[in-house]
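Q: no sequence for this one, just the structure:
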């Protein structure tokens, strides 16, 4: 019984630590998203907005603003979900939902930043093709760093873990204290 209680306490502490990580990650991103949203709102009231941007570019700016609002919504959603669904408990389900929402929030952010980069580059460089190439390159870098690289690292860890388990199973024993599994959300 004591072992069961101890295991349950360890599991709860682990869930609390993981929830802390995912909420801290959201807190790190949210201020930047809020600042970007504020700058996007202010730009509309600038006299040059009507003078320097075509109607189509103003619509693009609106799309970027909506994407940033969507990003903020997804970042804030885990806290709202937790408060309404399971305010007194941290569960594996909450961690799964929060992690997916946090990852999903990066998708509209890539789009918004790419659109804003295009619009600013178009104004500064006065070249639509160069502005478009710059925005696409930035979107590719953000996508690589935020999505492709973490998935690659995760896949490698999972492959290493499977290889380790296979080798341990065929050898009959495994070294104590060796872990290849991540201990927190990276």
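A: Cool, got the structure. Since we're looking at a predicted model, the values are computed, not measured. Numbers count the residues shown, from 1 in each chain.
Q: please make it C-alpha for all contacts and neighbour counts, starting now.
A: Will do.
Q: how about the helices in the chain?
A: Along the chain, the segments classed as helices by DSSP state H run 2-44, 47-52, 55-85, 92-125, 128-143, 149-171.
Q: the longest one to helix 92-125, inter-axis angle?
A: When you say that, I think you mean helix 2-44. Inter-element angle recorded for helix 2-44 and helix 92-125: 20 degrees (by axes from the mean of the first three to the mean of the last three Cα atoms, to 10 degrees).
Q: will you turn the helices of the chain into JSON lines that also has mean pLDDT?
A: Formatted as JSON lines, these follow (pLDDT from 0 to 100):
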{"stretch": "helix 2-44", "mean pLDDT": "82"}
{"stretch": "helix 47-52", "mean pLDDT": "83"}
{"stretch": "helix 55-85", "mean pLDDT": "93"}
{"stretch": "helix 92-125", "mean pLDDT": "94"}
{"stretch": "helix 128-143", "mean pLDDT": "98"}
{"stretch": "helix 149-171", "mean pLDDT": "82"}
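Q: mind giving me JSON lines with these and columns for mean neighbour count?
A: What follows is the helices of the chain, written out as JSON lines (neighbours: other Cα atoms under 10 Å):
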{"stretch": "helix 2-44", "mean neighbour count": "14"}
{"stretch": "helix 47-52", "mean neighbour count": "12"}
{"stretch": "helix 55-85", "mean neighbour count": "18"}
{"stretch": "helix 92-125", "mean neighbour count": "19"}
{"stretch": "helix 128-143", "mean neighbour count": "17"}
{"stretch": "helix 149-171", "mean neighbour count": "13"}
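Q: just how off-centre is stretch 11-23 within its chain?
A: The chain centre lies 17 Å from the centre of stretch 11-23; the measure is Cα atoms, centre = their mean, to the nearest Å.
Q: typo on my end, stretch 80-95
A: 19 Å.
Q: residues touching that stretch, excluding its own?
A: Contacts with stretch 80-95, where a contact means Cα atoms under 8 Å, 6 or more residues apart in numbering, come from 12, 15-16, 18-19, 22, 78.
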